[in-house]
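Just to be clear, the model below is a prediction. Sequence and coordinates:
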Amino acid sequence: MYLKKINLKNKYALVTGAGKGLGRACAIALAEAGAIIIGLSRTKSDLDKLEKDIKKAKSKLIKIRCDVMDYSDLSEKLKKVKYIDVLVNNAGTNLSLIHISEPTRQAEISYAVVGLKK
């Protein structure tokens, strides 16, 4: 358990890229600290595997299958999210911020916070 001194019981942690790698590790560590995980991943099977590990940590996973680079899909799915106490903005992208238009650059910079409640 990595977050031994942190109590996140009944807090909601949104983790992008939660299906693999660092996002997955962060989701599990936050679950071990008591957080309810809102896991975003493009792949259903990755979310299903993550759910098993989150259950082992005696926590819950809210699975959201989407691509964070699909603005309309992401914003629609995040409308269902009522609370976010912790944000792990981990999902990787393929965009080079140097060679893209300003509107796209702004979308890239802010894509994970679309739909956050006031």
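Sure, I can see it. Just so it is clear, the model here is predicted, and its values are computed rather than measured.

So the spatially most central residue of the chain: helix, strand or coil?
Nearest to the mean C-alpha position of the chain, by C-alpha atoms, centre = their mean, lies Val15 at 2.1 Å. Look at Val15: counting by DSSP: H, G, I helix; E, B strand; the rest coil, its state is strand.

do you know how far it is from Leu78?
As judged by C-beta to C-beta, to the nearest Å, Val15 and Leu78 stand 13 Å apart. Any C-beta I mention is one placed from the backbone N, CA and C, and that applies to glycine too.

what's the answer for Gly92, then?
Taken as C-beta to C-beta, the span from Gly92 to Leu78 is 19 Å.

same question, Leu8
In terms of C-beta to C-beta, Leu8 sits 20 Å off from Leu78.

now Ala33
23 Å.

go on, Asp67?
Asp67 is 13 Å from Leu78, by C-beta to C-beta.

Those two - which one has more neighbours?
Leu78 (21 against 13; other C-beta atoms under 10 Å).

What are the boundaries of the helices in this structure?
Secondary structure of the chain (DSSP state H): helices located at 21-32, 44-56, 71-78, 102-110.

which one of the ones you listed has the most crowded surroundings?
Among these, the stretch with the highest mean neighbour count (mean count of other C-beta atoms under 10 Å) is helix 21-32, at a mean of 21.

With that, I have no additional questions.
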